[in-house]
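Enquirer: I would like to see how this sequence folds:
(one chain, ligands or ions: 1)
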Amino acid sequence: MRLALRGWLRRYHSHGRVCVALSGGADSLALTAAAVAEAESVDALIVDHRLQEGSDVVARAAADQALALGVRSARVLTVDVHGNGSLEAAARDARYEALDGSRGDAPVLLGHTLDDQAETVLLGLARGSGGRSIQGMQAFDDPWGRPLLGVRRGVTRAACEDLSITPWEDPHNTDDEFTRVRLRHEALPLLEEILAGGVAEALARTATQLREDGQVLDALAGAVLLRVVVDGEVEVDTLAESAGAIRRRVLRSWLLGSGAKALTDKQLRAVDALIADWRGQGGVAIGGGTPESRLVVVRRRGRLTVGFEDRRRV
Ligand SMILES: Nc1ncnc2c1ncn2[C@@H]1O[C@H](COP(=O)(O)OP(=O)(O)OP(=O)(O)O)[C@@H](O)[C@H]1O
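Expert: As a prediction, this is how the structure comes out:
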């Protein structure tokens with residue numbers, strides 16, 4: 001655990017203060033202990049989502065554990081969880097916002113482990129929404145740091161035991177987490193058994209390789225984007241010179257920057273077909289419209305434009 005922290009600090013943040021995001025679970029408790037041993041100064045941030053009875057007691061207990069481990073300060077951040085999507089997504093948004101608002105200029109270390117990474121990659125594979133979803137989580141995505149991505153979950157449990165700290169186990173599993181828990185306890189062990197081990201590591205390694213490749217393609221696409229977008233529209237002939245992987249990345253950035261939401265691979269490919277497989281087809285509807293109007297991409301006079309179209313006309 002300490003080696004993992006040392007390596008991360010050396011690479012990303014060799015001096016000064018760090019914050020740890022502490023849930024009270026084994027991963028972030030062990031992370032806190034290792035951070036205290038390795039970093040100059042550690043402040044623990046505990047988010048109380050107030051979604052369960054007694055959550056304030058759990059948060060306070062985690063803060064006390066952090067103080068006993070030697071952090072400089074331990075703060076409980078109370079948040080209001082609201083929003084339209086799933087409760088879990090709303091809780092996550094509120095959590096990240098609170099952590100970001102309380103970290104000052106320090107990075108925030110999260111307790112994601114190699115096993116979390118493997119589960120994320122498997123879930124991404126099953127969703128099938130392309131390389132981006134199986135790139136997994138980054139070791140440093142400023143201000144979020146994940147020093148434990150190379151550490152197995154069993155190691156964080158063992159560290160807590162060694163230090164005689166009792167982690168808190170969340171008894172409430174939401175549906176999303178339930179899928180993850182089944183992956184963790186059923187699917188991954190079965191894969192490990194059938195494939196004779198090393199599956200979690202292999203998934204994590206694959207994520208790293210894909211991320212490295214993806215970053216290069218993103219950078220290339222970023223340069224192309226600057227050339228092909230004129231007055232908010234895409235010049236078809238210029239973008240047609242690029243390979244498919246670059247074209248779709250350019251289109252994705254352009255669409256997200258133009259108000260598109262929750263773009264699917266199918267939609268992106270349909271938009272790409274307006275360039276690569278042009279047969280005079282009509283506009284492509286994409287997510288991000290309103291109840292009255294839908295967002296549509298059309299090809300007109302050698303350019304792609306994105307705009308609203310009244311749903312009643314459809
Ligand atoms: N209530 C909390 N307060 C502070 N930090 C938390 C809290 N819950 C989770 N974290 C941080 O996030 C890490 C990951 O936790 P968990 O796996 O439960 O979150 P997740 O929602 O699956 O992750 P992500 O938000 O990145 O998708 C924890 O190890 C911890 O560092």
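Enquirer: okay but Val236 is in contact with Arg299, surely?
Expert: Yes: Val236 is within contact range of Arg299, at 6.5 Å (criterion: C-beta atoms under 8 Å). In short, each C-beta sits where N, CA and C put it, glycine included.
Enquirer: overlap of the contact sets of these two?
Expert: 274-275, 278 (C-beta atoms under 8 Å, 6 or more residues apart in numbering).
Enquirer: which of the helices or strands spans the residue of the stretch 101-250 of the chain found nearest the ligand?
Expert: Proximity of the stretch 101-250 of the chain to the ligand (C-beta to the nearest ligand atom) peaks at Gly111, 2.5 Å away. According to DSSP states H and E, Gly111 maps onto no helix or strand at all.
Enquirer: who's in contact with it?
Expert: Gly111 neighbours (C-beta under 8 Å, 6+ apart): 20-21, 23, 25, 27-28, 30-31, 148, 156.
Enquirer: one more pass at 6 Å, please.
Expert: Going by C-beta atoms under 6 Å, 6 or more residues apart in numbering, Gly111 touches 27-28, 31, 148.
Enquirer: could you list the buried residues of the lengthiest helix in the chain?
Expert: Using DSSP state H, we find that the single longest helix of the chain is helix 199-228. The neighbour-count check on helix 199-228 (16 or more other C-beta atoms under 10 Å) flags 199-200, 203-208, 210-211, 214, 220-221, 224-225, 228 as buried.
Enquirer: three-state assignment of Leu251?
Expert: Put simply, Leu251 is helix when judged by DSSP: H, G, I helix; E, B strand; the rest coil.
Enquirer: pretty sure it sits against Arg269.
Expert: No: the criterion here is C-beta atoms under 6 Å, and Leu251 misses it with Arg269 at 9.5 Å.
Enquirer: more neighbours: which of these two?
Expert: Just comparing Leu251 and Arg269: by other C-beta atoms under 10 Å the higher neighbour count belongs to Leu251, 26 against 15.
Enquirer: nearest residue to the more buried one other than its sequence neighbours?
Expert: Spatial nearest neighbour of Leu251, chain neighbours left out: Val271 (5.4 Å); criterion: C-beta to C-beta, 6 or more residues apart in numbering.
Enquirer: quick check: the one you found vs Val36, distance?
Expert: Note on Val271: its distance to Val36, by C-beta to C-beta, to the nearest Å, is 50 Å.
Enquirer: between those two, tell me which one has more neighbours.
Expert: Remark: of Val271 and Val36, Val271 carries more neighbours, 26 against 19, as counted by other C-beta under 10 Å.
Enquirer: element containing that one?
Expert: Here Val271 is assigned to helix 265-276, by DSSP H and E.
Enquirer: list the buried residues in that helix.
Expert: Using 16+ other C-beta under 10 Å as the test for burial, helix 265-276 gives 267-268, 270-272, 274-275.
Enquirer: with stretch 303-310 instead?
Expert: Buried residues in stretch 303-310, defined by neighbour count with 16+ other C-beta under 10 Å: 303-306.
Enquirer: related to what we said a few turns ago, avg pLDDT for the longest helix of the chain?
Expert: The average pLDDT for helix 199-228 rounds to 95.
Enquirer: next one: stretch 82-92
Expert: Stretch 82-92 comes out with an average pLDDT of 83.
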